[in-house]
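Asker: Pasting a predicted model and its sequence here:
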Amino acid sequence: MSLRIGAIIGRYLDAHRLMGAAMGDPEIDAMSSVATALADLEDEARHRILRWAADRYGIAMSPSMRGADSSVSNGSNLGGASDVTEEEIAEEAPAYQHFAELFAAASPKSNEDKALVAAYWAQVHEGQDSWASRRLNSELKNLGHSIANITDALSSNMRKKPQRVIQLKKSGNSRQSTKTYKVTHEGLVYVQGMLRGESDV
């Protein structure tokens with residue numbers, strides 16, 4: 001996260017200097033101070049400082065904020081949302097101590113969205129690379145939002161274009177089979193959009 005932001009600040013400042021812009025602008029002065037302060041620090045230190053600043057001033061470090069197309073006067077493009085990795089998305093996920101807090105913030109209405117939010121919790125906040133559907137329904141049941149057919153809800157997410165959930169494997173016989181799933185990059189971004197209050201992401 002820190003490298004991308006540092007690059008953006010650096011290029012923006014360079015562009016201003018090339019254009020001969022006065023550095024009296026408070027925003028430019030602030031960015032210059034940040035860039036100077038972070039320049040000689042290790043990546044982990046930059047990460048901690050920027051996360052602290054984001055939390056301190058109530059700024060959500062979302063993929064769309066980092067990945068939105070940004071250009072300076074020389075025409076160079078700083079990258080799109082597709083450049084953001086799943087690891088970076090997980091790093092930038094708002095911190096929720098309980099699933100109930102995440103669920104309330106996302107406020108999912110449909111069963112497919114409820115299942116996806118539960119999957120997001122398991123994958124991002126609990127660090128599970130893959131998970132079984134019964135795990136999700138257990139979390140939802142605790143909140144009084146149990147889904148009668150969790151498999152159908154996940155299948156609905158799998159039918160989206162692009163897919164928000166993928167099935168990794170199936171074990172056991174057809175009646176008592178266990179399916180293992182994973183939230184895709186698109187699914188992670190979709191849930192973070194819900195957490196930001198975006199109705200159409």
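Answerer: Noted; the coordinates are in hand.
Asker: can you pull out the strands in the protein?
Answerer: Here the chain has its strands, by DSSP state E, at 131-132, 165-171, 178-183.
Asker: Next, the angle from the last one to strand 165-171.
Answerer: Orientation check (axes from the mean of the first three to the mean of the last three Cα atoms, to 10 degrees): strand 178-183 against strand 165-171 gives 160 degrees.
Asker: Let's have the strands of the chain in TSV, adding mean pLDDT, mean neighbour count and distance to Arg196.
Answerer: No exception for glycine: its C-beta is placed from N, CA and C like everyone else's. Below are the strands of the chain laid out as TSV (pLDDT from 0 to 100; neighbours: other Cβ atoms under 10 Å; distance: least, Cβ to Cβ, whole Å):
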stretch	mean pLDDT	mean neighbour count	distance to Arg196
strand 131-132	92	18	24
strand 165-171	90	14	20
strand 178-183	92	19	17
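Asker: Those: which one's closest to Gly197?
Answerer: Nearest to Gly197 among the strands of the chain is strand 178-183; the distance by Cβ to Cβ comes to 19.9 Å.
Asker: helices or strands up against the closest one?
Answerer: Judged by 3 or more Cβ pairs under 8 Å, 6 or more residues apart in numbering; DSSP states H and E, the packing partners of strand 178-183 are helix 111-120, strand 131-132, helix 133-142, strand 165-171.
Asker: run the last query once more with 6 Å
Answerer: Packing contacts for strand 178-183, counted by 3 or more Cβ pairs under 6 Å, 6 or more residues apart in numbering; DSSP states H and E, involve strand 165-171.
Asker: Got the domain ranges for this structure?
Answerer: 2-92, 99-195 (automatic domain parsing).
Asker: rank the ones you listed by mean pLDDT and give me the bottom one.
Answerer: Between the domains of the chain, the lowest average pLDDT goes to domain 2-92, which shows a mean of 59.
Asker: Any figure for the gap between the closest residue to Arg134 other than its chain neighbours and Trp131?
Answerer: In space, Arg134 comes closest to Ile150 once its chain neighbours are excluded; the distance is 7.4 Å by Cβ to Cβ, 6 or more residues apart in numbering. Computed as Cβ to Cβ, to the nearest Å, the Ile150 to Trp131 distance reads 11 Å.
Asker: same thing with Tyr96?
Answerer: Per Cβ to Cβ, Tyr96 is found 17 Å from Trp131.
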